[in-house]
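*Asks:* what follows is a protein structure lacking sequence information:
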């Protein structure tokens, strides 16, 4: 018989990169409300991160702030060590951090911009996996969650740098899932659609409405839609799910 307690994340430690705003903020709150001790990662805006962490604390969530560049090997190692020292070793890691994502024709991109996309979506997951995996393997339990994007499936134009890097992250997700499965570590990807958060405040309304009119479920997605899926994939209820890519976009990629 199904045990609802399998959704609990009590006694687990979760790190969500780029979690002071947007989807990351919703995911870390969801993991914390499910019982995990959480590490809120940020790089630049300390005041914003402190305000976000204060919200977690006011909700009774245990955790810590951890500042660091997730594309820098030394800083990743230091962050993982700091979390282990204060909260315990990382059991759940969510790769969410992202830079700006301007849409441009390919002629207007530079290789430096492509490299930035690869650093965030390939290098950072690699570095963090390598740092967190020894503990996960030793306890034969771990959750690695990649945040992807529907744009890979939709082949969105004028977006080649981002789409290419996210496509590579999807391949990383699938290969790593097979590699670490013998240790009870699951690796999955969540690919949201366009869910308006803080960084979309100034996007053109006609562009928003154009996308919104195509959503089969006839509503905007909200950050909690992604948070709920993250908690599920992090829990024991999802112990037999690995190597998958869950699209959260109201049916935009059903055809």
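*Replies:* Done, it's in. Computed from a predicted structure; not experimentally measured.

*Asks:* make it CA atoms for all contacts and neighbour counts henceforth
*Replies:* OK.

*Asks:* quick one: low-confidence ranges for the stretch 1-150 of the chain?
*Replies:* By pLDDT under 70, the stretch 1-150 of the chain has no low-scoring segment.

*Asks:* where exactly do the strands run in it?
*Replies:* Under the criterion DSSP state E, counting those that start in this stretch, the stretch 1-150 of the chain contains strands at 13-16, 37-42, 63-67, 92-95, 142-147.

*Asks:* packing partners for the last one?
*Replies:* Read it as strand 142-147. Packing partners of strand 142-147 (3 or more CA pairs under 8 Å, 6 or more residues apart in numbering; DSSP states H and E): strand 92-95, helix 124-139, strand 185-192, helix 223-234.

*Asks:* could you dump those to TSV with distance to residue 252?
*Replies:* Converted to TSV, the helices and strands packed on strand 142-147 look like this (distance: least, CA to CA, whole Å):
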stretch	distance to residue 252
strand 92-95	23
helix 124-139	26
strand 185-192	10
helix 223-234	15
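
*Asks:* for residue 81, find the nearest of those.
*Replies:* helix 124-139 (8.9 Å; CA to CA).

*Asks:* how big is the angle separating that closest one from strand 185-192?
*Replies:* Here the directions of helix 124-139 and strand 185-192 differ by 150 degrees (axes from the mean of the first three to the mean of the last three CA atoms, to 10 degrees).

*Asks:* which positions within helix 124-139 qualify as buried?
*Replies:* Applying a neighbour-count criterion of 16 or more other CA atoms under 10 Å, the buried positions in helix 124-139 are 124, 125, 126, 127, 128, 129, 131, 132, 133, 136, 137.

*Asks:* what sits against the fifth one?
*Replies:* Applying CA atoms under 8 Å, 6 or more residues apart in numbering, we find residue 128 in contact with 70, 76, 77.

*Asks:* dump the residues you listed to CSV, plus distance to residue 46.
*Replies:* Putting these into CSV (distance: CA to CA, whole Å) gives the following:
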residue, distance to residue 46
70, 16
76, 18
77, 20
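
*Asks:* out of the residues you listed, who's nearest residue 120?
*Replies:* For those, the residue nearest residue 120 by CA to CA is residue 70; the value is 7.5 Å.

*Asks:* the closest one against residue 116, yeah?
*Replies:* No - in terms of CA atoms under 8 Å, residue 70 does not count as a neighbour of residue 116; the distance is 11.9 Å.

*Asks:* output the contacting helices and strands for the helix or strand hosting residue 162.
*Replies:* When secondary structure is defined using DSSP states H and E, the element that contains residue 162 is helix 160-180. Identification of packing neighbours for helix 160-180 by 3+ CA pairs under 8 Å, 6+ apart yields helix 111-118, helix 151-154, strand 185-192.

*Asks:* okay, the ones you listed, which one's buried deepest?
*Replies:* Here the criterion is mean neighbour count by mean count of other CA atoms under 10 Å, and of the helices and strands packed on helix 160-180 the winner is strand 185-192, at a mean of 25.

*Asks:* before we move on, the earlier item: only the buried residues of the helix holding residue 162, if you could.
*Replies:* Buried residues in helix 160-180, counting neighbours by 16+ other CA under 10 Å, are found at 160-170, 172-174, 176-177, 180.

*Asks:* any weak-confidence spans in the stretch 151-255 of the chain?
*Replies:* The model of the stretch 151-255 of the chain has pLDDT under 70 over residues 200-201, 255.

*Asks:* one more time with 90
*Replies:* Filtered on pLDDT under 90, the stretch 151-255 of the chain yields the residue ranges 197-208, 254-255.

*Asks:* can you redo the strands of the stretch 1-150 of the chain as a markdown table with mean neighbour count?
*Replies:* What follows is the strands of the stretch 1-150 of the chain, written out as a markdown table (neighbours: other CA atoms under 10 Å):
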| stretch | mean neighbour count |
| --- | --- |
| strand 13-16 | 27 |
| strand 37-42 | 26 |
| strand 63-67 | 20 |
| strand 92-95 | 26 |
| strand 142-147 | 26 |
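
*Asks:* same list (these) but as a markdown table, adding distance to residue 215.
*Replies:* As requested, the strands of the stretch 1-150 of the chain are exported to a markdown table (distance: least, CA to CA, whole Å):
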| stretch | distance to residue 215 |
| --- | --- |
| strand 13-16 | 28 |
| strand 37-42 | 31 |
| strand 63-67 | 36 |
| strand 92-95 | 26 |
| strand 142-147 | 20 |
